[in-house]
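Enquirer: What follows is a predicted protein model with its sequence.
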Amino acid sequence: MGAKDDLLDQAAREFRAFHETLRGLNEGQLTEVWLGVWSIKDIVAHMSGWHREMAPALQRMARGERPFRPGVSYDDVDAWNARFTAERQGAPVADGLLELDRSHEDFLRAAAAVPAERFEPGKTAWKIVDLNSAHHYREHGDQIRAWRAAKGL
């Protein structure tokens, strides 16, 4: 298997593992603020936001274009995270969880269309996919597992 297939497989595995961290939590637990100013609902919203923002970048790469639109910068990650969570603030928890599943599928579909040679570690496609899927799911999954353990959940 090549780097692309390995990365997409890892993304799928880590997504399943992330979902496992949510199993059995009720709406109150999913909306409890415990990670700075974020709840699990906010974590999910920002993950979906990155999927929605980066899927078009992958689609452009699949067409042989530059991934990012001129003038758009992702240097201020905190501002983007705040934007993504604010967009979903009033949405029901269940809608946010469905959006995570949909955005993950769309993101991986976009990644699958990018040529394999663009997925060598360190290249742009590899970074976009790793940082917004496997790495991201593992990072927040670990945080949620630690929170659950501390709360006896």
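Expert: Yes, it's here.

Enquirer: Could you use CA atoms for every contact and neighbour count after this?
Expert: OK.

Enquirer: following the lengthiest helix in the chain, which helix or strand shows up next?
Expert: For the chain, the longest helix by residue count, based on DSSP state H, is helix 40-62. Per DSSP states H and E, the first helix or strand lying C-terminal to helix 40-62 is helix 77-87.

Enquirer: what's the offset of that following helix from the middle of its chain?
Expert: What separates the centre of helix 77-87 from the centre of its chain is 13 Å, taken as CA atoms, centre = their mean, to the nearest Å.

Enquirer: ok, now stretch 44-59?
Expert: Offset of stretch 44-59 from its chain centre (CA atoms, centre = their mean): 7 Å.

Enquirer: What of stretch 40-52?
Expert: Relative to its parent chain, stretch 40-52 has a centroid offset of 6 Å by CA atoms, centre = their mean.

Enquirer: Kindly report the same for stretch 119-138.
Expert: 10 Å.

Enquirer: Number the residues from 600 up from this point.
Expert: Sure thing, new numbering starts at 600, so read that last one as stretch 718-737.

Enquirer: circling back to that earlier point, list of residues touching the longest helix of the chain?
Expert: 628-632, 665-667, 680-681, 683-684, 687-688, 692, 695-696, 698-699, 702-703, 705-707, 709-710, 712-714, 724, 727, 731, 735, 739, 743 (CA atoms under 8 Å, 6 or more residues apart in numbering).

Enquirer: Repeat that for stretch 686-706.
Expert: 626, 629-630, 640-641, 643-644, 646-647, 650-651, 653-654, 732.

Enquirer: List the buried residues in that stretch.
Expert: 687, 692, 695, 696, 698, 699, 700, 702, 703, 705, 706 (16 or more other CA atoms under 10 Å).

Enquirer: give me every residue that touches residue 602.
Expert: 715, 718, 719, 720.

Enquirer: Please pick the buried ones from these.
Expert: Buried, going by 16+ other CA under 10 Å: residue 718, out of the contacts of residue 602.

Enquirer: Surely residue 607 is in contact with residue 709?
Expert: No: with contact defined as CA atoms under 8 Å, residue 607 does not reach residue 709; the gap is 11.0 Å.

Enquirer: what about residue 675, neighbour count?
Expert: Neighbourhood size, residue 675 [other CA atoms under 10 Å]: 8.

Enquirer: got it, and residue 669?
Expert: There are 7 residues near residue 669, going by other CA under 10 Å.

Enquirer: how close does it sit to residue 706?
Expert: According to CA to CA, to the nearest Å, residue 669 and residue 706 sit 21 Å apart.
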